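Visitor: have a look; sequence and predicted model below, questions after that.
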Amino acid sequence: MLMGIVDEDVQRVRDTADIVAVISAHTQLKKQGANWTGLCPFHGEKSPSFSVNQDKGVFYCFGCQAKGDVISFVRDIDHLDFAGAVEFLAAKSGITLRYTDQAEGDRREARGKLREAMAAAVDWYHERLLTATTCGSGASTATGCASTRSAGRPMTGTSW
Ligand SMILES: [Zn+2]
């Protein structure tokens, strides 16, 4: 079960993507023997301990033990989920993905919208918290201040 993308297509994306080219967008790689090495993009370092094997399509970091294939690299470096990483690489290679479930594409879109809405809600709440902290100064008229400001006088709004 690979998040609804047809296994065959995931395999094709993995085979088609050039792991060295993909990783080179994030760190400079040098050919060294059979492998490519460079500074690890996952942790700060001054001497290269990051190694890429182009034939096997895998990477490994001796410094922080980060490892995987081209898909997990994209997933980790761009903070995507597995399907998101596959979709990113498929788009790069011009591969059209097929989904095991016709509705999966729609659901992914809906989940993206939900994430956006959640993020907006968190921002709103965070803003209210910030506003609330300024209530003591009396500078704010936000309704969030009502409970602290109503003490000692009738709470009838601002109609007078
Ligand atoms: Zn590392």
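Guide: Sure, I can see it. Numbers count the residues shown, from 1 in each chain.

Visitor: and the nearest residue to residue 54 once chain neighbours are set aside, what does it touch?
Guide: Leaving aside its chain neighbours, residue 54 sits nearest to residue 20 (5.1 Å; criterion: C-beta to C-beta, 6 or more residues apart in numbering). Every residue, glycine included, has its C-beta placed from N, CA and C. Counting by C-beta atoms under 8 Å, 6 or more residues apart in numbering, residue 20 touches 29, 36, 52, 54.

Visitor: counting neighbours, what do you get for residue 72?
Guide: 15 (other C-beta atoms under 10 Å).

Visitor: who wins for neighbours among the contacts of residue 20?
Guide: residue 52 (25 neighbours).

Visitor: separation between that residue and residue 118?
Guide: 36 Å (C-beta to C-beta, to the nearest Å).

Visitor: any chance of TSV for the contacts of residue 20, columns secondary structure and distance to residue 114?
Guide: Formatted as TSV, these follow (DSSP: H, G, I helix; E, B strand; the rest coil; distance: C-beta to C-beta, whole Å):
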residue	secondary structure	distance to residue 114
29	strand	38
36	strand	39
52	strand	36
54	coil	38
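
Visitor: nearest to residue 16 among those residues?
Guide: residue 54 (13.4 Å; C-beta to C-beta).

Visitor: can you read off the backbone torsions of the closest one?
Guide: Per-residue torsions, residue 54: phi -70, psi -40 (degrees, to the nearest 10).

Visitor: check which helix or strand covers residue 59.
Guide: For residue 59, the host element (DSSP states H and E) is strand 58-61.

Visitor: so which other helices or strands are in contact with the next helix or strand after that strand?
Guide: Sequence order places strand 67-69 as the next helix or strand after strand 58-61, per DSSP H and E. For strand 67-69, the elements it packs on are strand 58-61, judged by 3 or more C-beta pairs under 8 Å, 6 or more residues apart in numbering; DSSP states H and E.

Visitor: could I have the strand it packs on exported to CSV, CA atoms only?
Guide: What follows is strand 58-61, C-alpha atoms only, in CSV (Å, rounded to 0.1, in the frame of the first residue of the first chain):
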residue,chain,number,x,y,z
VAL,A,58,20.6,5.5,-2.7
PHE,A,59,22.3,8.0,-0.3
TYR,A,60,23.9,7.7,3.1
CYS,A,61,25.3,10.1,5.6
